[in-house]
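> got a predicted structure plus its sequence, pasted below:
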Protein chains: 4
Amino acid sequence: MIAGVIGATGYAGAELVRLLAGHPKVESLALASVSHQGDSIDRIYPNFLGKIKATLEKPEEALARSNVVFAALPHGVGEPFAKSCIEKGIPFIDLSADFRFDDDEATFAAWYGKPFVHKELRKYSVYGLPELNRERIKELAAAGKVIIGNPGCYPTGASLGAFPALAKGIAGAGTIIVDSASGITGGGRDPSRAFHYPECADSITPYKVGAHRHTPEISRNFQAMAARASSVPGPGSSVPGPGLIFTPHLAPMNRGILSTIYIPLAESWKPRESSGGAPRPPTKEIEEKVAEIRKVYEDFYQSEPFVRILPAGDIAASGRVRHSNFCDISIHLDQGGSTLVVVSAIDNMVKGAAGQAVQNMNLIFGFDETAGLEAVPALF
Amino acid sequence: MIAGVIGATGYAGAELVRLLAGHPKVESLALASVSHQGDSIDRIYPNFLGKIKATLEKPEEALARSNVVFAALPHGVGEPFAKSCIEKGIPFIDLSADFRFDDDEATFAAWYGKPFVHKELRKYSVYGLPELNRERIKELAAAGKVIIGNPGCYPTGASLGAFPALAKGIAGAGTIIVDSASGITGGGRDPSRAFHYPECADSITPYKVGAHRHTPEISRNFQAMAARASSVPGPGSSVPGPGLIFTPHLAPMNRGILSTIYIPLAESWKPRESSGGAPRPPTKEIEEKVAEIRKVYEDFYQSEPFVRILPAGDIAASGRVRHSNFCDISIHLDQGGSTLVVVSAIDNMVKGAAGQAVQNMNLIFGFDETAGLEAVPALF
Amino acid sequence: MIAGVIGATGYAGAELVRLLAGHPKVESLALASVSHQGDSIDRIYPNFLGKIKATLEKPEEALARSNVVFAALPHGVGEPFAKSCIEKGIPFIDLSADFRFDDDEATFAAWYGKPFVHKELRKYSVYGLPELNRERIKELAAAGKVIIGNPGCYPTGASLGAFPALAKGIAGAGTIIVDSASGITGGGRDPSRAFHYPECADSITPYKVGAHRHTPEISRNFQAMAARASSVPGPGSSVPGPGLIFTPHLAPMNRGILSTIYIPLAESWKPRESSGGAPRPPTKEIEEKVAEIRKVYEDFYQSEPFVRILPAGDIAASGRVRHSNFCDISIHLDQGGSTLVVVSAIDNMVKGAAGQAVQNMNLIFGFDETAGLEAVPALF
Amino acid sequence: MIAGVIGATGYAGAELVRLLAGHPKVESLALASVSHQGDSIDRIYPNFLGKIKATLEKPEEALARSNVVFAALPHGVGEPFAKSCIEKGIPFIDLSADFRFDDDEATFAAWYGKPFVHKELRKYSVYGLPELNRERIKELAAAGKVIIGNPGCYPTGASLGAFPALAKGIAGAGTIIVDSASGITGGGRDPSRAFHYPECADSITPYKVGAHRHTPEISRNFQAMAARASSVPGPGSSVPGPGLIFTPHLAPMNRGILSTIYIPLAESWKPRESSGGAPRPPTKEIEEKVAEIRKVYEDFYQSEPFVRILPAGDIAASGRVRHSNFCDISIHLDQGGSTLVVVSAIDNMVKGAAGQAVQNMNLIFGFDETAGLEAVPALF
C-alpha cells in the first residue's frame, strides 16, 4: 500500500515517515509539504540519506495516490483534506486537534479559537486512543469511512495512567492533578526563543500553567472512562466526572513525556491505618495496597500491546521508552495513604504522536496492531 | 574571621568553600575532610586553582582555629562536632538533617533510622530557614550558643512557595501537593548508577515516591507557618495543619530545583464564577484573583532579600536563579479556579544548601544578610 | 539460529542483545554474564521489559547451545571462550581488543600490558572491519573456524574516514591527526567520577592525550590501507606508512563519535593557487578540489552498505547516525589548500561496537550484510 | 563611573551588564539597544530581576553620559559610535570584529565583506588581547583616545594556547592545527534551526570547515607572536610565520570553548628517542619533555592574572573555567614525540567576550586588572 503524509517536514511528520518506511505493509510513501514542495526529504532530514528517498509533493497529489493519509499539520488547516479523503474513501489520520472533540464543538472553539469547518465530517471521526476507542475505530473502518483524531501527546500519557483507576473505582471524588514534563521536540521544528538551546538547556520550567489546550482533552478522556465505570454497578460507580488540574513542564531533553498523576483514593481503597498527624515512612500496609492496585492495572491492560505495568520497586522514566510505542506505568501511594500516585512515561514522538497514528492505521486495515512498531526501546 | 568547613570535599562543602572565599568578612578558611586529609582542595576541585589554596585538615584541627564551623557531612556523624563547638562557643552550621527536627525526635528517628546522639544540644539549635526563624536565630546567636539545622534543598523551595498562602489564609483545608524536580548535583559527589551520565541524561523520573525524607521536613514547616496564621484572628485562622504529598524528580540538569505546588484555595479566595463542567480557558476573573494573591505574596516577602515574586506573565524557571541565593516564585491558578498553583525555583547548591548556610552565618554575626551572596544569577 | 552473548549486561552487550532480538535470522538468545547469573536481563535493563525475556546464564552454558558467540567482556578475559568456540566450530566475535592485533603481539603487549594467552588461535582470527577485511572474514568463515576481533569505536570512524585518501594517493607524506569526540556511553556502564553526570555535563575535555590504546589500532589500519595503495602503481604508490596523532575527547552526549581527520595532501592533489601569506576565504578552486576528492570517496565506498558520503555543503554530525550502523563522511579542505579535512560520524554503540559485530555475523553466515541493521537513523 | 553598553540585549551584551553590575568601580550603567528601546533589561533577562534595573536607551543617549562605552553589536555597524566616542574622548571597547584588523583592511574586507568605514580611527585602535598588547593598550589610554578591538572567542583560547610555543622557539616549521569546540551561547541569542534545542542536543558537529572568520584573526595573532620571537636571538628566532588550520565545532553545552592545538615541535625540542614505526605508549622521556615545556609556559605566563598552566596529570576542560575570566592550559606531547599538543579552555562569554572587555577597561583606567573579574570558576 501507499501511505501519504501531509506535513512531512515537521517533527511529527518526519517521525511518521521514519516509522512508515519500516512498516511491513507499506510499500511506498507519498510525502507532501505545503512549504517545501519539490525538495527531497533527505535534504531536509539528512538522517534519511540512503534510506528514504522521496520528493515532497503538493498535498492534493500525494493524497490522490495514497491508500491512507496522515496529516501532521497545524491545527485548523487539515479539514479540507479530511473531506477529500472521506469522499474518496481513504482513511484519514489527523495528528492535529481538529478531530479530537467530535462531540463538543463548544469546547474546541473555546480553546482553539475557531468552530469546526466541516461539521458533517464528525459522523465519520473518532478520537484515536486505541485503549479507549478500539472498537469504534474498527467499526468506522469497516463501514468504509473513517477519520482518526489522533490524541495529543500529554493526553495519551495522562489518560493511560489514570484509566484503570477511573474505570475500576479506585479513584474517589476530588480533583486529579496531572503534572507532566516534556522533551523539547514537543515544541516542534520551528526555532523560537523558548526552544533556543541556551534558553532551555540545564533548566526546567512549567508553561501555560492553568491554560494548556490539552487540559480539556485530558478532562474529556477522564470523564469518558469514569462514565463507563458508572454504567456498571461497583465500588466506583458513583464517581462523578473528576476535576482536573494539568501543568506541563519543559524539561531539558529531546524526547519523552513523564506524567506524575495524583488521584484521590476512593474510601474503599484507602489503607485502614491512618497516618494521623506527621508523615511517616511507608508502611507494610501501603506496600500491600500498592500491590493490589498494581494488580488491577495489570488486569486492565493485560491485552494491550503497548502498555507496560512496571513491577514493584520500579518507577517509570521517560528515558526507558525512547523510540518505542510503549507507555510505561508505575503505581505508588503517597505516604499518608490518601492518594494514588501513578507515573506514566511515553515517547512524545511515538506513542504521543506518530507511533499512535501508525497503531491506528494498523487497526483500520486489520494489520497486526504492533506492525511497524516492534522497536525495543533504545538504550540511551 | 576564620570560617571552618568540615566535609569540604563534597559538592555542598565545595560550594560553601567557593562562597566563603568571596565573602567580605571571611579572612581565611580552615578546611577539613575525613577522607582527604593532607590533600590540597584545588587538586580535588581544579576549578579552584589559583583562587583557593588550602590543605585539608583533620576536623578537630580545623574546628579549633575557626570562628564559625560549617559541617557538610552525611546525616548522623556531625553531632560530636556540634557538641565541641557549643562547648567552645563557636557557632555551628550543620547542612545535614541532624538538627532539622529539634522538637520531634520521633519523626527524625522514624525517617533517619536513629535517635538524636546529643539530645541536650537541642536547646541551642534552630531550624535555619531565615524566612521562618530569623528572630530565633538572632536570639540564640546573641545568647552565645547556636547550632543551625540548615534546611534541606527541597524543603527550602517548597516552604517558601507555600508560606504566604498558609500564613494569610489563602490555603484552604485539604492536601498540598509538592511536585519537584532537581538537578543531579542534588545527589552529591559519589558516583553511582543513578547519576551515571548515560543513565540520567535525556530522561526524567521521580524517585522515592511517597518515601522521601524531606517529606516530614516540608510538612513540619507547613504546619509551623499555618499555626502562626491560626494564632491571629483572620480569614485563615482556622486552617488545620495541611496534609502533604511530596514527589521529587531527577531532571537532566546540573543545578536547580523547581517545585510546582498545588494548594487548595480557601473558599473566600475562590473566584465566584465556577467553571462548572468542562475546563474552560482562563477567565479575566482568574487573572484578577492571581494578581490579588500575587500582591499578598509580594507584601509577605517585601523585606526578604532573597525571595523574588515574579511579575504577571512570568513563570519561575530553575535556570534563572543559577548560582544565586534567590528563590523565585510565580503565582498561578488552575483554570477551574479551585487551586493555587505556585511555582518556586532555587539553586539547590546555593539557597538549597551552601548559600543559605552563609545567610545563616550572616545573621548570626550581624553581617549584612546578603554579604557574600550578591551574585546576579548567571546567564546560562 | 541461537546467538550467544557473553557479557550481556555491559552497554555494548546490551546493545548487541537489542540488535540481535530484532535480527530476522536469530531465533533465540543465550545470554551470559559473569556477575549477574540468574538475573533476568529485563530487570537490569528495564527498557527490555515485555520485549526481551532471558535469564543470564553461565558463559559456558550459553556458549554450549549457541550457533554464534559474541563476547563483550573486558580486555584479557575472553580468550578461553574463543578457544572453546574454535574447538566446537562456533564462530566467535570478540568486542574486546584481544584479537585486534593478530600480527603484532608486541604492540598489543605494550599497550594492553599482557601477551596473548592462546597464540595459536591467531591463525583463525581476523580484524573485523568489513570495509578492510571482508574477503578474509568470508574465507575464514568458509574454512569453518573464525574469530573476529571486532574493531574499537574510535578506530572504526577514523579508519573509514581516512581509507580512500590512503588507498587512492590523496594522502601525502606527513602525519595524520585524528581529533575525536565521543559520547559518554563509550565509557561503559560502571559508574565513576569521570562519568558522573555533574562532572561531564555541559563540559568537553580531551583525555589520555597521546596515550590512548586506540592509537596503535588506528595507526595499524592506516598502514594496512596505505600498503594496499603502494602495491599498485599510481600516484599514491610511494606513500610511506603515515604518522598518527590521535586525541579523544569526552563530549556531553550519550552516543556518537565524531572524528575530524587532518590528512596532508599529496602534491598532485593540492590546488594550484597558493594562499601564500594570510588566510583567505575558500576559493572556487578549493570547492572544485573538494568535489573531486568527494567523487573518489563515493567511488571507493560505492558498494559499502554502511558508509554515506555526504553531498556538497553538508557536514557530518554525530546526531545524524544515532542508533544506526552508518558511518557518515564529509569532505573538506582547509582554506590554505594543504590539508584534507575529513569528518566522520558513527554511533559508538552500533557501528562502533554492537552493530559492526552483527555485520560481521552476517558476513560469516552469508546473510544479507544489512540484516538486522536496517534502522533509519533516529531523529533525536 | 558610568559604563555604557550598546547592544545590551544580546548574550555578550547581557554578560557585560552582569559583570559591570558587580564591578567595584562602576557606579551605574547606561544600557542601550537598537531594537528594545524603552524596555527594562530585567524583563528581557529575568535573571536580573531585583539586581539590575535599567531602561534601555537610544545608543546616542547612553553614549553621551558614559565614561566608557562597550559595543556588543553585529559586525559592521559600530564604527559611527566609535567615532563619536573618540571625538568625545571616551574609551570605546568594541566586541565585534570591526577593530580587530587595524593593520590589514584587505584581510578584513576579504572575510567580512566590506572595507573599513572610518579608516582614520585605526590610529587609535588596538587589538585588545592583553597578553599580547597590554603595553599598547595602556599607551593609547594614556594618550587619551583609545578603541579596543576586543578579540574573538576562538582566537582568545587558541592564541593563549600557542603563544609561549611561538615566542620561545618550541614551535617548529609547519602548520598549526587548532581544533575547537564551543558551547551554543557562542551562536548568540537569535533563534535559528542550528541552535534549536533538538537539533544540537546530544550531537557534535564541525561547522564552517576551512571557512570560519576567526581563521585570519588566529593566524595574525600567531604571526605577531612568532615575529616577536624572531626579533630576539634564540632557538626559535628563525621560525617563519606558521600556517594555520582551524576547525570550530558546535558541542551540546551552554558555555565554554575547548581548543586542542597541534604544534609541530622545533627539532631542538624533540625527544631524542624516536618512536620509529608503530606507536608506543608514552615514555619517561616524553613525560620529562612535557615537564620542560610546561615550565616554559609557566614562566611565560607567570605575571598573567588570568592564565592558569595546569599541573602534570591534569587536562584542561571547558567546565572548569565556567563563569570565570581564566584561560586554563594543559601541555602534552603526542606519543610519537613530534608534536606539542596544547589544550586550552575558556568561558566563551567571559574571557572570550565580556570578561576580556572588562579586563581591557581595567587596563585603560588603571584599575586592578582583575577588578570585577575575581569570580572563582563555578562548580557546575
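Received the coordinates, thanks. Numbers count the residues shown, from 1 in each chain, chains lettered A, B, ... in the order given.

> how does chain A divide into domains?
A:2-151+A:351-365, A:154-347 (automatic domain parsing).

> got those domains as TSV, with mean pLDDT and mean neighbour count columns?
Placement of C-beta: from N, CA and C, glycine included. Listed next are those as TSV, based on pLDDT from 0 to 100; neighbours: other CB atoms under 10 Å in any protein chain shown:
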stretch	mean pLDDT	mean neighbour count
domain A:2-151+A:351-365	97	20
domain A:154-347	93	22
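
> pull up the residues of the stretch 1-150 of chain A that are close to chain D.
A:Y11 (CB under 8 Å from any CB of the partner chain).

> looking at the stretch 1-150 of chain A, which residue is nearest chain C?
Minimum separation of the stretch 1-150 of chain A from chain C (CB to the nearest CB) falls at A:N47, amounting to 4.1 Å.

> confirm that that residue sits in a strand.
No: under DSSP: H, G, I helix; E, B strand; the rest coil, A:N47 sits outside any strand and is assigned helix.

> possible to save the domains of chain A as TSV with distance to chain B?
As requested, those are arranged in TSV below (distance: least, CB to the nearest CB, whole Å):
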stretch	distance to chain B
domain A:2-151+A:351-365	5
domain A:154-347	3
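
> ok, stretch A:249-262 near chain D or not?
Yes: using CB under 8 Å from any CB, we find that stretch A:249-262 touches chain D at A:P252, A:M253, A:N254.

> any part of that stretch near chain C?
Yes: using CB under 8 Å from any CB, stretch A:249-262 reaches chain C at A:N254, A:R255.

> straight-line length of that stretch, end to end?
Taking CA to CA, to the nearest Å, the first and last residues of stretch A:249-262 lie 16 Å apart.

> how far away is the residue of the stretch 1-150 of chain A closest to chain C from B:I44?
Relative to B:I44, A:N47 is positioned 42 Å away (criterion: CB to CB, to the nearest Å).

> with A:H212 instead?
45 Å.

> can you check A:G22 too?
49 Å.

> equivalent analysis for A:S192, please.
In terms of CB to CB, A:S192 sits 41 Å off from B:I44.

> could you do A:D328 as well?
39 Å.

> and the strand or helix carrying A:E87, how far out from the chain's middle?
In the assignment (DSSP states H and E), A:E87 maps to helix A:79-88. Chain-centre distance of helix A:79-88: 24 Å, with CA atoms, centre = their mean, to the nearest Å.

> just checking, next helix/strand downstream of that helix?
strand A:92-94.

> and the gap between the closest residue to A:I286 other than its chain neighbours and A:T283?
Nearest non-adjacent residue to A:I286, counting by CB to CB, 6 or more residues apart in numbering or on different chains: A:L333, 5.2 Å away. A:L333 is 10 Å from A:T283, where distance means CB to CB.

> residue contacts, A:F306?
Counting by CB atoms under 8 Å, 6 or more residues apart in numbering or on different chains, A:F306 makes contact with A:N325, A:F326, A:C327, A:K351, A:Q359, A:T370, A:L373.

> which two of the residues you listed have the greatest separation?
Spatially, the most separated pair among those is A:C327 and A:T370, at 13.6 Å (CB to CB).

> could you say which helix or strand holds the nearest residue to A:I364 once chain neighbours are set aside?
Nearest residue to A:I364 in three dimensions, chain neighbours excluded: A:A141, at 4.1 Å (CB to CB, 6+ apart). According to DSSP H and E, A:A141 maps onto helix A:130-143.

> could you dump that helix to PDB, C-alpha only?
C-alpha atoms of helix A:130-143 as PDB (Å, rounded to 0.1, in the frame of the first residue of the first chain):
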ATOM      1  CA  PRO A 130      -7.000   2.700  20.900                       C
ATOM      2  CA  GLU A 131      -7.100   1.800  24.600                       C
ATOM      3  CA  LEU A 132     -10.300   3.800  24.800                       C
ATOM      4  CA  ASN A 133     -11.900   3.500  21.400                       C
ATOM      5  CA  ARG A 134     -10.500   0.500  19.700                       C
ATOM      6  CA  GLU A 135     -13.900  -1.000  18.800                       C
ATOM      7  CA  ARG A 136     -15.300   2.300  17.400                       C
ATOM      8  CA  ILE A 137     -12.200   2.700  15.200                       C
ATOM      9  CA  LYS A 138     -12.700  -0.800  13.800                       C
ATOM     10  CA  GLU A 139     -16.400  -0.100  13.300                       C
ATOM     11  CA  LEU A 140     -15.900   3.000  11.300                       C
ATOM     12  CA  ALA A 141     -13.100   1.400   9.300                       C
ATOM     13  CA  ALA A 142     -15.400  -1.500   8.500                       C
ATOM     14  CA  ALA A 143     -18.100   1.000   7.300                       C
END
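
> which outside residues touch it?
Residues contacting helix A:130-143 (CB under 8 Å, 6+ apart): A:91, A:124-128, A:146, A:148, A:159-160, A:163, A:221, A:224-225, A:301, A:304, A:307, A:356, A:359-360, A:363-366, A:369.

> tell me how far the closest residue to A:Y301 other than its chain neighbours lies from A:L129.
Once flanking residues are discounted, A:Y301 sits nearest to A:V307: 4.2 Å by CB to CB, 6+ apart. Applying CB to CB, the value for A:V307 to A:L129 is 11 Å.

> what about the strands in chain A?
Using DSSP state E, the strands of chain A run over A:2-6, A:28-32, A:68-71, A:92-94, A:125-127, A:147-149, A:175-182, A:205-206, A:243-250, A:257-264, A:307-309, A:327-333, A:339-346.

> may I see the ones you listed organised as a markdown table, with distance to B:D98 added?
Listed next are the strands of chain A as a markdown table, based on distance: least, CB to CB, whole Å:
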| stretch | distance to B:D98 |
| --- | --- |
| strand A:2-6 | 60 |
| strand A:28-32 | 63 |
| strand A:68-71 | 59 |
| strand A:92-94 | 58 |
| strand A:125-127 | 54 |
| strand A:147-149 | 56 |
| strand A:175-182 | 32 |
| strand A:205-206 | 33 |
| strand A:243-250 | 33 |
| strand A:257-264 | 30 |
| strand A:307-309 | 39 |
| strand A:327-333 | 28 |
| strand A:339-346 | 29 |
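
> before we move on, back to that, need the contacts of A:F306 in CSV with distance to chain C, can you?
Compiled in CSV, those are given as follows (distance: CB to the nearest CB, whole Å):
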residue, distance to chain C
A:N325, 11
A:F326, 8
A:C327, 11
A:K351, 14
A:Q359, 16
A:T370, 11
A:L373, 11
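
> for these, which one is nearest A:K51?
Distances from A:K51 to the contacts of A:F306, taken by CB to CB, are shortest for A:L373, at 17.9 Å.

> residue contacts, the closest one?
A:L19, A:F306, A:S324, A:N325, A:V350, A:G355, A:V358, A:Q359, A:N362.

> what do you get if the cut-off is 10 Å, keeping everything else the same?
A:19, A:22-23, A:305-306, A:324-326, A:350-351, A:354-356, A:358-359, A:362 (CB atoms under 10 Å, 6 or more residues apart in numbering or on different chains).

> check A:L340 too.
A:161-162, A:164-165, A:170-172, A:176, A:261-266, A:269-270, A:289-290, A:293, A:331-334.

> one more time with 6 Å, if that's ok
A:A165, A:I263, A:L265 (CB atoms under 6 Å, 6 or more residues apart in numbering or on different chains).
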